[in-house]
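A.B. asks: I would like to see how this sequence folds:
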Amino acid sequence: MAKNYFGLTDTGKVRDNNEDTFIAEAVSNSLVLVAVIDGVGGYNGGEVAAAIAKDVITQQLNNLEGEYIPAMIEALKLASRNIFDKKQIDKDLEGMACVVTIALVDVENNTFYYAHVGDTRLYLLRDESLVKITKDHSFVGFLEDSGRLTETAAMNHPKRNEINKALGFTTLIDTDESFIETGQSPFLPGDMLLLCSDGLTDLVDKSGITAIITQNISLQEKATQLIAAANENGGKDNVTAVLIQNNKTSQKPAAVKPAAILKKNTNAADAEMIPNRQNTEAETAQSNLKPMAENRSNGLTLLLAVLCLAFAASSVWLYLQWQKDSQPVAQPVKAVAEQDPPIRSPDEIKLQNLLNNLKKDTLNLSDTAFKQAIIISDTLHIQKNTLYIRGKGNIVLKRDSAYHGPAMDIAAECKVIVLDNIKFEGFDTGISLFNTSLYLRGTQFTNCRLAVQKQYFLADKKFITADFPGTQIQADTIAKIIKKLNGAR
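C.D. replies: Purely as a prediction, here's the structure:
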């Protein structure tokens, strides 16, 4: 089988460096590994994070044995830990992270498997129809995937590139099973996968991408045209595209003429081989038999019509009975591509927006703005360096019955977080944090399995000597912290 995959990356027209990278290589006789990695964290940081992730993923998934999806999950977790370790050593890189989409493609068995974190994307092209498989782990992506924003509005949204999940971004990847999006789906002869960074999808819409990759040209030419289209539309970011195709030939059954037609044609051919008769009596007899043959032909046609109608009616009846008795079977691609994300409540969306868009270091939450408990169906992410969240009145965060993650996740980059008069109800974990000074005042945890979970990353296969103090709740220092957050000395 000819090489059926190709990847290409480009700096674009605005950036000076390329924080994107990709993987496109065979990792066994029947398995191809493709991935797109987009670095985050400034001029050097993004490139470093992306390079770390690429090395780990390639090493972990080469000559793979065992189950594919668990192997991809472990590769992403290890990459995230390695990025964290690097950040602890080099403080100039402490803001770095990366987003990634991986696919392991088994063309021989017509299947692909994927794992995804962030806003890089995986698309499936089938019968000239392009389906987005992965979800964007960003607030704008959530609004687009849930139908609240059109594709055009999402592409032009000012918060388009603010992500909620990334490798090296938070420790939640090790405890939250929903952090990494995974799945598998049929990969049929003629199908194609496109993995790409947001440098493509922010500037070329779905119809434009489809028009390019459905052309009868090579994968290299398709990737080149995708990147050229992004650059023609501004080239505001690095852009990367990886394509892989199931180039096996579809096994279509050959058309066979019905037996009745074959018989008729055979008789006609035989008739042409019979010499013309000159006997007048024979011609007269044949002339007398002609009306009888026509009547027999008309009768046969009518009989066939009746039989066809009876067959059609019985087929419809049998189909309706089968539909009634059988259970509906989910279509694998639709189940992966169209699975709805959790629908957040308006108050939950409003609170996450306040956390994302806050310009100052103090967030006041009042029970006039939030008149009832805020139902939490997905993690609230806190990313500010210092933040004081003060509840005025009865501010309650309550777990949605279908949600099992933490109410709040505090990013590793945060230094000091203060929660004042906030109530948590029913969570498996109230607050998840890493290396952050956390101060609680008048904060209540009701029916929470863990109130606060603090996590540590340690060097692999090295002897450790360390002390792990618990999080100290120092009410007497709250006033000093608040003054410091507000700029007082």
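A.B. asks: Contact partners for residue 208?
C.D. replies: Residues near residue 208 by C-beta atoms under 8 Å, 6 or more residues apart in numbering: residue 229. Bear in mind the C-beta positions are built from the backbone N, C-alpha and C, glycine included.
A.B. asks: List the buried residues for the helix or strand containing it?
C.D. replies: Using DSSP states H and E, residue 208 falls within helix 206-213. Within helix 206-213, the residues that count as buried by 16 or more other C-beta atoms under 10 Å are 209, 212, 213.
A.B. asks: Can you name the next helix or strand after it?
C.D. replies: Following helix 206-213 toward the C-terminus (DSSP H and E): helix 219-232.
A.B. asks: So which residues make contact with that following helix?
C.D. replies: So helix 219-232 is contacted by 4-10, 12-13, 196, 199-200, 203-204, 208-209, 212-213, 215, 217, 239, 241-245 (C-beta under 8 Å, 6+ apart).
A.B. asks: Which of the residues you listed fall within helices?
C.D. replies: In this view, the contacts of helix 219-232 that belong to helices under DSSP state H are 199, 200, 208, 209, 212, 213.
A.B. asks: Quick check, the fourth one in contact with residue 203.
C.D. replies: No: with contact taken as C-beta atoms under 8 Å, residue 209 and residue 203 are classed as non-touching, separated by 10.4 Å.
A.B. asks: returning to what we had before: next, the angle from the helix holding residue 208 to helix 219-232.
C.D. replies: Helix 206-213 runs at 140 degrees relative to helix 219-232, counting by axes from the mean of the first three to the mean of the last three C-alpha atoms, to 10 degrees.
A.B. asks: Once you drop chain neighbours, what's closest to residue 92?
C.D. replies: Among residues not flanking residue 92 along the chain, residue 44 sits closest, at 7.2 Å (C-beta to C-beta, 6 or more residues apart in numbering).
A.B. asks: Isn't the one you found up against residue 94?
C.D. replies: No: with contact defined as C-beta under 8 Å, residue 44 does not reach residue 94; the gap is 11.7 Å.
A.B. asks: now the residue nearest to residue 92, what's its secondary structure?
C.D. replies: helix (DSSP: H, G, I helix; E, B strand; the rest coil).
A.B. asks: Now do it, the pLDDT please.
C.D. replies: Reading off the confidence values, residue 44 has pLDDT 72.
A.B. asks: still on that earlier bit, how about the helix holding residue 208 as CSV, C-alpha atoms only?
C.D. replies: C-alpha atoms of helix 206-213 as CSV (Å, rounded to 0.1, in the frame of the first residue of the first chain):
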residue,chain,number,x,y,z
LYS,A,206,-15.5,24.2,7.2
SER,A,207,-16.8,24.6,3.7
GLY,A,208,-13.4,26.0,2.6
ILE,A,209,-11.5,23.1,4.1
THR,A,210,-13.9,20.6,2.5
ALA,A,211,-13.5,22.1,-0.9
ILE,A,212,-9.7,21.7,-0.7
ILE,A,213,-9.5,18.2,0.7
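A.B. asks: Quick one: mean pLDDT over that helix.
C.D. replies: 96.
A.B. asks: same check, this time on stretch 399-411
C.D. replies: Here the average pLDDT along stretch 399-411 is 88.
A.B. asks: Now it: buried residues?
C.D. replies: Within stretch 399-411, the residues that qualify as buried are 399, 400, 403, 405, 406, 407, 408, 409, 410, 411, counting by 16+ other C-beta under 10 Å.
A.B. asks: CA atoms of it as PDB?
C.D. replies: Extracted in PDB, the C-alpha atoms of stretch 399-411 (Å, rounded to 0.1, in the frame of the first residue of the first chain):
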ATOM      1  CA  ARG A 399     -22.900  19.800  42.100                       C
ATOM      2  CA  ASP A 400     -25.000  18.600  39.200                       C
ATOM      3  CA  SER A 401     -26.100  15.000  39.800                       C
ATOM      4  CA  ALA A 402     -24.200  13.800  36.700                       C
ATOM      5  CA  TYR A 403     -20.900  15.600  37.400                       C
ATOM      6  CA  HIS A 404     -18.100  14.000  39.400                       C
ATOM      7  CA  GLY A 405     -15.200  16.400  39.000                       C
ATOM      8  CA  PRO A 406     -14.000  19.200  41.300                       C
ATOM      9  CA  ALA A 407     -16.000  22.400  41.700                       C
ATOM     10  CA  MET A 408     -12.900  24.600  41.200                       C
ATOM     11  CA  ASP A 409      -9.500  23.800  39.700                       C
ATOM     12  CA  ILE A 410      -6.800  26.300  40.500                       C
ATOM     13  CA  ALA A 411      -4.000  26.400  37.900                       C
END
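A.B. asks: is it true that residue 422 touches residue 391?
C.D. replies: Yes: taking C-beta under 8 Å as the definition, residue 422 is a contact partner of residue 391 at 4.9 Å.
A.B. asks: any shared contact partners between those two?
C.D. replies: Joint contacts of residue 422 and residue 391 (C-beta under 8 Å, 6+ apart) are residue 365.
A.B. asks: Now the element after the helix or strand containing residue 101, going C-ward?
C.D. replies: Per DSSP H and E, residue 101 falls inside strand 97-106. Later in the chain than strand 97-106, the nearest helix or strand by DSSP H and E is strand 111-117.
A.B. asks: Each with direction, which strands does that following strand pair with?
C.D. replies: Next to strand 111-117 in the sheet, as set by DSSP bridges, lie strand 97-106 (antiparallel), strand 181-186 (antiparallel).
A.B. asks: Please enumerate the helices of the stretch 301-450 of the chain.
C.D. replies: Assigned by DSSP state H, counting those that start in this stretch, the stretch 301-450 of the chain shows helices spanning 332-337, 346-357.
A.B. asks: what's the neighbour count on residue 186?
C.D. replies: 16 (other C-beta atoms under 10 Å).
A.B. asks: Residue 109 touches residue 68, doesn't it?
C.D. replies: No: contact criterion C-beta under 8 Å: residue 109 and residue 68 do not qualify, at 11.2 Å.
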